[in-house]
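A.B. asks: one predicted model, sequence on top.
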Amino acid sequence: MAKEIVLILDNIRSTFNVGAIFRTADASSIKKIYLCGITPTPPNPKILKVSLGAESYISWEKVSQTYRLIEKLKKDGYHILALEQSKKSLDIFKFKPKYPIALVLGSEVKGLSKNILKRADKIIEIPMFGRKESLNVAVALGICVYQIIGAGRNR
């Protein structure tokens with residue numbers, strides 16, 4: 001469990017985003033994906049179209065209540081990171097990760113609820129420099145997870 005990362009997808013609506021997240025998870029050695037709330041699950045033709053089979057390689061589990069999963073993972077020793085813009089957010093490029101990590105990603109429109117954010121050990125964000133205030137959730141995951149796994153490497 002040294003550098004283990006698991007993902008918690010909280011109410012992600014788009015099947016295409018879920019498929020892209022499975023593909024990125026496979027590419028970056030994510031151990032498991034928890035699909036919470038209304039997040040769609042495989043087998044689903046739209047997930048399969050984008051994941052290109054990655055859903056077969058990544059362990060996943062459907063969970064109804066995200067906050068209970070977070071509480072369980074905390075008891076199991078995971079550091080809960082919420083990817084969200086907030087006044088308490090830390091810049092992902094200045095953040096030093098502690099493993100094992102459970103990375104929580106929220107709804108494409110509403111983001112993560114206050115109920116989830118208050119359970120996080122840290123809230124991290126990707127700085128925005130343009131006119132848009134956010135990135136697609138699957139794109140944000142790619143940036144975030146590669147920054148986290150790269151932060152521990154000597155370059």
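C.D. replies: That came through fine. Numbers count the residues shown, from 1 in each chain.

A.B. asks: which strands and helices lie in contact with the longest helix seen in the chain?
C.D. replies: Longest helix in the chain by number of residues (criterion: DSSP state H): helix 137-151. With contacts taken as 3 or more Cβ pairs under 8 Å, 6 or more residues apart in numbering; DSSP states H and E, helix 137-151 sits against strand 5-10, helix 15-27, strand 79-83, strand 101-105. Every C-beta, even on glycine, is put in place using the N, C-alpha and C of the backbone.

A.B. asks: now the ones you listed in TSV, with distance to L69 and mean pLDDT?
C.D. replies: Formatted as TSV, those follow (distance: least, Cβ to Cβ, whole Å; pLDDT from 0 to 100):
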stretch	distance to L69	mean pLDDT
strand 5-10	6	98
helix 15-27	16	96
strand 79-83	10	97
strand 101-105	8	98
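
A.B. asks: and of the ones you listed, who's closest to R119?
C.D. replies: strand 79-83 (6.3 Å; Cβ to Cβ).

A.B. asks: next helix or strand past the closest one?
C.D. replies: On the C-terminal side of strand 79-83, the nearest following helix or strand under DSSP states H and E is strand 90-91.

A.B. asks: list of residues touching that next one?
C.D. replies: For strand 90-91, contacts defined as Cβ atoms under 8 Å, 6 or more residues apart in numbering pick out K122, I123, I124, E125, P127.

A.B. asks: separation between the first one and I148?
C.D. replies: By that I understand K122. Per Cβ to Cβ, to the nearest Å, K122 is found 11 Å from I148.
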